[in-house]
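Novice: curious how this folds, go ahead:
(one chain, ligands or ions: 1)
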Amino acid sequence: MKMRNPPVNSLSLEFLTELLISLEKLESDKAFHAIILTSDCPGIFSAGLDLMEMCGRDPTHYAEYWKAVQELWLRFYLSHLVVISAINGVNAAGGCLLALSCDYRVLADNPKYAMGLNETLLGIIAPFWFKDTLVNTVGHRTAERALQLGLLFPPAEALQVGMVDKVVPEDQVLSAARSELAQWLAIPGHARQLTKSLMRKPTADRLLKERDADIQNFVRFISRDAIQKALRVYLEKLKQKKT
Ligand SMILES: CCCCCCCCCCCC/C=C/CC(=O)SCCNC(=O)CCNC(=O)[C@H](O)C(C)(C)COP(=O)(O)OP(=O)(O)OC[C@H]1O[C@@H](n2cnc3c(N)ncnc32)[C@H](O)[C@@H]1OP(=O)(O)O
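Specialist: The predicted structure is shown next:
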């Protein structure tokens, strides 16, 4: 699955919906057993959630958007397919969440390709299920530091803290993902799937039990004047970077 939403693969409502539909199609076709998730945007895996979806819109839109974000995470996190990410670019916040929801992560060895949950740098916070997904991957202490400081880890550090499983030269990221896949596909599918569910269901259930409350919290939080101002300032900084 090659993500293509130029220029930065931001996860707009439309793009989230496209990803969801693609995933559902692959999951419902018995011929498919695995996905390699990668990017078609040079140097960028994903810039995360689309800030334009969270800025200057009305509460109904925020609620619709957040429901789609939840849905995509739940579907990827619990997918019965083997999902491996071949991370071939910078990967921020919501994009990092998507990669963390995969079964295995290969990252291209380029110092520009940092990844992490950098929400605090924008003046926002990573929701509890983003946090849980990171804790499940790198452990509590590393997650606590990474989340508070909004750290984006370059490849060597991402490997060292366990945020990714392998770092390879840029031109080998897809072939490394394919080689890894062979090992996962050699395991009897039902045993692997049940084990995945055993490991992940408690985390997903936390959100499933509080889904509506989580949407309401998001809408309240993102609608605050101070948060809207912080997002506008951040977007402005991104634009000014060019001048
Ligand atoms: C007590 C209260 C409890 C409450 C609980 C509720 C909690 C809810 C909290 C809310 C949580 C919300 C979670 C959000 C997670 C996210 O994913 S936020 C997004 C974070 N992403 C980023 O910080 C990345 C930002 N982008 C970049 O750093 C760079 O763009 C890049 C490194 C990815 C690429 O750089 P470069 O190649 O130089 O391109 P640019 O010129 O920067 O960008 C091109 C173009 O794209 C626009 N853009 C970039 N990122 C985004 C984005 N995420 N969304 C929308 N648009 C984006 C950028 O502005 C440029 O636009 P123009 O060409 O200038 O128009």
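Novice: and T142, what's its pLDDT?
Specialist: Looking at T142, its pLDDT is 98.
Novice: surely it meets Q160?
Specialist: No - T142 lies out of contact with Q160 (CB atoms under 8 Å); the separation is 9.5 Å. For glycine as for every other residue, the C-beta is placed from the backbone atoms N, C-alpha and C.
Novice: compare neighbour counts for those two and give me the winner.
Specialist: Each of T142 and Q160 has its neighbours counted (other CB atoms under 10 Å); T142 has more, 18 against 13.
Novice: separation between the more buried one and the ligand?
Specialist: Note on T142: its distance to the ligand, by CB to the nearest ligand atom, to the nearest Å, is 19 Å.
Novice: that residue: which element?
Specialist: Element membership for T142 (DSSP states H and E) is helix 140-149.
Novice: and P6, by the same measure?
Specialist: P6 belongs to no helix or strand, assigned by DSSP H and E.
Novice: ok, it - how many residues close by?
Specialist: The number of residues packed near P6 is 10, by other CB under 10 Å.
Novice: how about residues contacting the least confident helix or strand in the chain by mean pLDDT?
Specialist: In the chain, no helix or strand scores lower on mean pLDDT, DSSP states H and E than helix 225-240, which sits at a mean of 95. Contacting residues not belonging to helix 225-240 are listed as L51, M52, M54, C55, G56, L121, L122, G123, I124, F221, I222 [CB atoms under 8 Å, 6 or more residues apart in numbering].
Novice: correct me if wrong, but the fourth one is in a strand.
Specialist: If I follow you right, that is C55. No - using DSSP: H, G, I helix; E, B strand; the rest coil, the secondary structure at C55 is coil, not a strand.
Novice: make a markdown table out of the contacts of helix 225-240 and add pLDDT.
Specialist: As requested, the contacts of helix 225-240 are arranged in a markdown table below (pLDDT from 0 to 100):
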| residue | pLDDT |
| --- | --- |
| L51 | 97 |
| M52 | 97 |
| M54 | 97 |
| C55 | 96 |
| G56 | 96 |
| L121 | 96 |
| L122 | 95 |
| G123 | 94 |
| I124 | 96 |
| F221 | 98 |
| I222 | 98 |
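Novice: weed out the non-buried ones from the residues you listed.
Specialist: L51, M54, C55, L122, I124, I222 (16 or more other CB atoms under 10 Å).
Novice: what does this structure put close to the ligand?
Specialist: Taking CB under 6 Å from any ligand atom as the contact definition, the chain meets the ligand at 7-8, 10, 44, 47-52, 90, 92-94, 118-119, 122, 124-125, 127, 217-218, 221-222, 235, 238-239, 241-242.
Novice: any chance of a ChimeraX selection covering the buried ones in these?
Specialist: To isolate the buried ones among the residues of the chain next to the ligand in ChimeraX, judged by 16+ other CB under 10 Å, type:
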select :8,10,44,47,48,49,50,51,90,92,93,94,118,119,122,124,125,127,218,222
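Novice: so where do the strands sit in the protein?
Specialist: Under the criterion DSSP state E, strands of the chain are mapped to 2-3, 34-39, 43-46, 82-87, 89-92, 104-108, 115-116, 166-168.
Novice: tell me the strands beside the second one, with direction?
Specialist: So that's strand 34-39. Applying DSSP bridges, strand 34-39 is found paired with strand 2-3 (parallel), strand 82-87 (parallel).
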